[in-house]
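Chemist: Structure for the following, please:
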Amino acid sequence: MSFWDLLVFFIIASSLQPVMKQRMLESARQKLIAKIEKKRGSRVILLVHRQETMSFLGFPIYKYIDINDSEEVIRAINMTDPSIPLDIILHTPGGLVLAATQIARAIKRHKGKVTVHVPHYAMSGGTLIALAADEIVMSEDAILGPVDPQIGEFPAVSILEVVKQKAINEIDDKTLILADIARKAIRQTKEIVLELLSDNYSEDVAQKIANELVEGKYTHDFPITYEKAKELGLKVNCCIDKEIKQLMCLYPQPVVKKSSVDYLWIPRK
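Modeler: Residues are numbered from 1 along each chain as shown. Below is the predicted model:
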């Protein structure tokens with residue numbers, strides 16, 4: 001074999017290696033998902049957002065809950081018999097309220113038991129989805145977050161605080177408009193939280209949770225630990241399955257863009 005033959009072989013082998021590695025990773029994920037489904041007798045749906053590799057001018061691009069995610073998750077739920085339990089595994093910084101609400105309502109409507117597993121974090125919209133579950137399972141170090149609405153770059157509650165502290169003739173029109181939107185966003189979000197908590201929580205507990213998570217008591221990135229979630233009255237436990245922790249190890253930092261939702265592409269009857 002000549003030098004040039006070896007060079008061509010090396011180039012072909014090098015170009016195929018990442019593809020083969022990705023195929024092996026996807027196969028390992030599918031096998032572990034199937035193992036968890038068999039063990040728990042459920043449909044497993046993952047919603048995992050990792051930070052994308054830097055791709056333009058050195059700025060990182062983050063993934064978050066969007067309409068494509070809600071479409072995929074709802075499709076997976078629709079492919080599942082209503083009596084089959086759902087195990088939703090969340091790893092997300094949050095995202096669009098609209099998309100998170102669509103997922104949460106689909107979970108809420110499912111007749112079988114729904115368990116949300118949080119191995120590491122499920123902030124903002126991720127927490128909103130978790131509120132719709134019959135049970136939330138967190139690892140000991142996992143966190144949830146407040147679901148107070150954000151208007152552009154500012155918390156809705158903080159915009160209302162500005163209007164509250166200044167005379168109206170000292171406030172510009174844009175701030176007044178933002179305050180009107182903020183007021184509506186807070187009311188709407190609280191209504192959604194109470195809707196998601198209904199049936200699983202008493203009215204008093206649901207109201208307390210909604211007030212704590214929506215009314216700006218904490219900053220938007222405040223980490224709600226397992227202990228804090230329990231103190232709020234949420235139905236949580238910290239006995240997360242070891243297989244779910246193993247599954248998260250199969251979702252390393254991606255080097256190419258891929259779907260954030262994963263499940264076995266077969267109906268569950």
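Chemist: contacts, neighbours, all on C-alpha from now
Modeler: Will do.
Chemist: Need the distance between the two termini of stretch 110-123.
Modeler: 23 Å (C-alpha to C-alpha, to the nearest Å).
Chemist: before we move on, what about stretch 147-154?
Modeler: From start residue to end residue, stretch 147-154 stretches across 13 Å - C-alpha to C-alpha.
Chemist: Looks to me like residue 39 is in a helix.
Modeler: Yes: checked against DSSP: H, G, I helix; E, B strand; the rest coil, residue 39 lies within a helix.
Chemist: Quick check: it vs residue 85, distance?
Modeler: From residue 39 to residue 85 the distance is 12 Å (C-alpha to C-alpha).
Chemist: what's the answer for residue 35, then?
Modeler: 15 Å.
Chemist: Repeat that for residue 23.
Modeler: Residue 23 is 29 Å from residue 85, by C-alpha to C-alpha.
Chemist: Who has more neighbours out of the two?
Modeler: More crowded of residue 23 and residue 85, by other C-alpha atoms under 10 Å: residue 85, with 20 against 12.
Chemist: got a list of what the more buried one touches?
Modeler: 41-43, 112-115 (C-alpha atoms under 8 Å, 6 or more residues apart in numbering).
Chemist: Mind putting these into JSON lines with secondary structure?
Modeler: Shown next, in JSON lines, are these (three-state DSSP):
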{"residue": "41", "secondary structure": "coil"}
{"residue": "42", "secondary structure": "coil"}
{"residue": "43", "secondary structure": "strand"}
{"residue": "112", "secondary structure": "coil"}
{"residue": "113", "secondary structure": "coil"}
{"residue": "114", "secondary structure": "strand"}
{"residue": "115", "secondary structure": "strand"}
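Chemist: By neighbours, which of the residues you listed wins?
Modeler: Among those, residue 43 has the most neighbours (other C-alpha under 10 Å), with 26 neighbours.
Chemist: For residue 181, pull up the helix or strand it's in.
Modeler: helix 173-197 (DSSP states H and E).
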